[in-house]
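> Just to be clear, the model below is a prediction. Sequence and coordinates:
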Amino acid sequence: MELILEKINHSYGDMPVLTDISLSVGSGEIVCVVGPSGCGKSTLLRIIGGLERPTSGEVLMSGEPPADSLNPLTYVFQDFALLPWRTVEGNVRLVLEDHRIGRERVGAVVDDVLARTKLTEFAAAYPRQLSGGMKQRVAIARALSVNPAVMLMDEPLSALDSQTRDLLMDDLIELWTQVRFSACYITHNLAEAVRLGHRIVVMSRRPGRIRDIVEIDIPLSERPGFPTETAAIQRRLWEMMRDEARAADRELSDVA
Amino acid sequence: MSLDRSLPSAAPATEKPGAAPTRPVPFRGSGFTHRPHRHVAPLVFAALLILWEIGSRTGFISNISLPAPTEAAEAMADLFRSGMIWKHLSASLFRLTVGWSLGTLLGIAVGLAIGLFSVARAGLSPLVSALFPIPKIALLPLFIVWFGIGEGSKVATILFGSFFPTVIATYGGVDNVDRSLIRMGQSFGLSWSSIVRKIIIPGALPAILSGFRISASIAIILLVAAEMIGAEYGIGAYILMAGALYAIDQLIAGVALLSLLGLAVAWLIGRAEKMLLGWRI
Ligand SMILES: Nc1ncnc2c1ncn2[C@@H]1O[C@H](COP(=O)(O)OP(=O)(O)OP(=O)(O)O)[C@@H](O)[C@H]1O
Ligand SMILES: [Mg+2]
């Protein structure tokens, strides 16, 4: 299934936040979106997943999602959004319970995603007992359990320390090689973008528009073998973003 | 203290001959945290009783103004001997359980409605704010006219008394449920009823249970007030009778029963919190 954004514009009151965003996320493709703080990345993602209506423009799905996809557009949130009163297993179950798929199937799916995210031995733990990295693993397991056509990830690793982040990036790549999910991955961390993105969308400061799209054709699993190439791309991205970030920073302090 | 000494590469000061003497950093982090002290409460209680008893025996506390604790205990023992205690207790507990349960059930229902539906909020929440501060005791004569002098008016007083704090605790709890969790539920396509049952109600439960503490105390206060009008049995009736006869030992025994009732209710709610909110710890 392909996701197509057509001329998305959005404003809050009379403050324009997004202007003329056209973009597509192909099947099995990870599109990273980077941009200065406050440029409307989270807003864009909420619009893509149908949690918010754009002022104008449309988000279209082309082609059918996989037949067994329970929730084609599935979010992974920065703050994990786990229910503190449910165990790891219960949190994954939560999103399956509303679908009429039978007890055994639910059990099998839960076991499968927990195994894939290396959480099996923590199935009975409560979120408060887990580290940040583990919590995000649970959120990823929950997202995988509904077999999404597109994962919508809003800075999923930003609340984690850099070592945990590296480990989880490796895990994400491993998961991607298994199931080839598509994803729209928002981040402000260029290293993440270069490591995970097939395409990287660079947004300008508010009102956010697409400034450039950088394609990286090195396969995800081989990227650690090309340190110079990826570093060069990262530098290019940073050069693009630096002025925007600086200007955005100054704008915000003017407002305050 | 020179700068290089504080560098981690420098050897510990004690090992250097002729170096400045070392001393441990004083601990300043104590206080402002509560540790459980299991024995303090019973000790304070016992000490007070003993002081009181001594005061009475030496005549420092006049027997007319306050009888000795042993006399109050004797009055309590009388209650047990005559079997009247069960009559009073069962009458009071019946009114309390029926009134409080109905009040909190209705309160939770109305609180959820106010928390979930904006029409209900617009219509009901000003009404609740207007009616909550009215002392229900003042309405007791009205309740007697409406529901009769028997059990009806007593249960109604307790019901109304526990209803309003529960409404307020419930919708406050619903308002405080983490919005990002609700958004998560919506983003996974959970049904409205699933979101309410699995996200909103558990999220509001801590607030609802602490509302229970308040409503239960109010219910006990109102129980006594209601039993002071036209009740034959009940702890309140017993206290009223004792007061009318100036049987202060009985009065104190009755008040002690009320305290015990309050303690029992607090303990039950504590158990419920442990059971339902075990995830919080
Ligand atoms: N619900 C809202 N109502 C009004 N303004 C909003 C709302 N949500 C976001 N905004 C504003 O829209 C702009 C874009 O917000 P958004 O959260 O999408 O930015 P972002 O790119 O995700 O930023 P960050 O990198 O800090 O996460 C900001 O200026 C923000 O203040
Ligand atoms: Mg954001």
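Right, received. Where do you want to start? Ligands and ions are numbered 1, 2, ... in the order given.

> and stretch A:78-89, how far out from the chain's middle?
Stretch A:78-89 has its C-alpha centroid displaced from the chain centroid by 18 Å (Cα atoms, centre = their mean, to the nearest Å).

> Is chain B within reach of it?
Yes - Stretch A:78-89 is in contact with chain B by Cβ under 8 Å from any Cβ of the partner chain, via A:79, A:81, A:83, A:84, A:85, A:86. Just so you know, the C-beta spots here come from the backbone N, C-alpha and C atoms, and that holds for glycine as well.

> By pLDDT, rank those and give me the bottom one.
Within the residues of stretch A:78-89 next to chain B, residue A:79 has the lowest pLDDT, namely 91.

> Can stretch B:172-185 be said to contact ligand 1?
No - against ligand 1, stretch B:172-185 shows no contacts by Cβ under 6 Å from any ligand atom, the least distance being 10.9 Å.

> confidence score at residue A:7?
93.

> Run a quick neighbour tally on it.
By other Cβ atoms under 10 Å in any protein chain shown, the residues close to residue A:7 number 12.

> Residue A:57 sits in which helix or strand?
strand A:56-62 (DSSP states H and E).

> After that strand, which helix or strand is next? Please name it.
Using DSSP H and E, the first helix or strand after strand A:56-62 is strand A:73-76.

> sorry, back to before: is there a quick PyMOL command that grabs whichever of the residues of stretch A:78-89 next to chain B are buried?
A single PyMOL command selects the buried members of the residues of stretch A:78-89 next to chain B (16 or more other Cβ atoms under 10 Å in any protein chain shown):
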select buried, chain A and resi 79+81+83+85+86
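
> per-residue confidence for the residue nearest the centre of chain A?
For chain A, the residue nearest the mean C-alpha position is residue A:153 (1.7 Å; Cα atoms, centre = their mean). On the pLDDT scale, residue A:153 is placed at 95.

> That one against residue A:181, yeah?
No - using Cβ atoms under 8 Å, residue A:153 is not in contact with residue A:181; the gap is 10.2 Å.

> what ranges do the strands span in chain A?
With strands called from DSSP state E, chain A shows them at A:2-12, A:15-25, A:30-34, A:56-62, A:73-76, A:150-154, A:182-186, A:199-203, A:210-215.

> Turn the ones you listed into CSV, including distance to residue A:109.
CSV is the format used below for the strands of chain A (distance: least, Cβ to Cβ, whole Å):
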stretch, distance to residue A:109
strand A:2-12, 24
strand A:15-25, 24
strand A:30-34, 23
strand A:56-62, 23
strand A:73-76, 14
strand A:150-154, 16
strand A:182-186, 20
strand A:199-203, 30
strand A:210-215, 34
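
> out of the ones you listed, nearest to ligand 1?
Of all the strands of chain A, strand A:2-12 sits nearest to ligand 1, with 3.6 Å by Cβ to the nearest ligand atom.

> chain center to that closest one, what's the gap?
The chain centroid and the centroid of strand A:2-12 are separated by 17 Å, computed with Cα atoms, centre = their mean.

> likewise stretch B:258-268?
On Cα atoms, centre = their mean, the centre of stretch B:258-268 falls 9 Å from that of its chain.

> all helices of the chain, in order?
Let's take chain A. A:41-48, A:88-97, A:103-116, A:132-145, A:162-179, A:190-196, A:227-255 (DSSP state H).

> nope, chain B please
Under DSSP H, chain B gives helices at B:40-57, B:69-82, B:84-116, B:118-131, B:140-147, B:151-175, B:179-187, B:192-195, B:201-227, B:235-244, B:248-276.

> Single out the most deeply packed of those.
Highest mean neighbour count of the helices of chain B: helix B:151-175, a mean of 24 (counted as mean count of other Cβ atoms under 10 Å in any protein chain shown).

> Tell me where chain B is predicted with low confidence.
Residue ranges of chain B with pLDDT under 70: B:1-17.

> next one: the stretch 151-256 of chain A
Filtered on pLDDT under 70, the stretch 151-256 of chain A yields the residue ranges A:252-256.

> Taking it, what residue is nearest to chain B?
Using Cβ to the nearest Cβ, the single residue of the stretch 151-256 of chain A nearest to chain B is residue A:152, 8.1 Å away.

> about what we covered before: I'd like to know which of the helices of chain B lies nearest to chain A.
helix B:179-187 (3.8 Å).

> So which residues on chain B come close to chain A?
B:180-181, B:183-191, B:194, B:198-199, B:202, B:277, B:279-281.

> Mind doing that once more with 10 Å?
Residues of chain B lying close to chain A (Cβ under 10 Å from any Cβ of the partner chain) are B:178, B:180-191, B:193-195, B:198-199, B:202-203, B:205-206, B:276-281.

> what about the residue in the stretch 101-250 of chain A positioned nearest to chain B, distance to residue B:182?
Closest contact between the stretch 101-250 of chain A and chain B, by Cβ to the nearest Cβ, is at residue A:126 (5.4 Å). Using Cβ to Cβ, to the nearest Å, one obtains 20 Å as the distance from residue A:126 to residue B:182.

> any idea what sits nearest the residue most central in space within chain B, other than its immediate chain neighbours?
Nearest to the mean C-alpha position of chain B, counting by Cα atoms, centre = their mean, stands residue B:213 at 3.1 Å. Spatial nearest neighbour of residue B:213, chain neighbours left out: residue B:269 (5.6 Å); criterion: Cβ to Cβ, 6 or more residues apart in numbering or on different chains.

> My read is that that neighbour contacts residue B:216, right?
Yes - in terms of Cβ atoms under 10 Å, residue B:269 counts as a neighbour of residue B:216; the distance is 6.6 Å.

> quick check: domain ranges of chain A?
A:1-65+A:153-255, A:84-147 (the TED database).

> With respect to residue B:100, which of the ones you listed lies nearest?
Distance to residue B:100, taken as Cβ to Cβ, is lowest for domain A:84-147 among those, at 25.3 Å.

> starting at the chain centroid, how far to that closest one?
For domain A:84-147, the distance to the chain centre is 18 Å (Cα atoms, centre = their mean).

> quick revisit: shared neighbours of residue B:269 and residue B:216, anything?
Listed contacts common to residue B:269 and residue B:216 are nil; contacts here mean Cβ atoms under 10 Å, 6 or more residues apart in numbering or on different chains.
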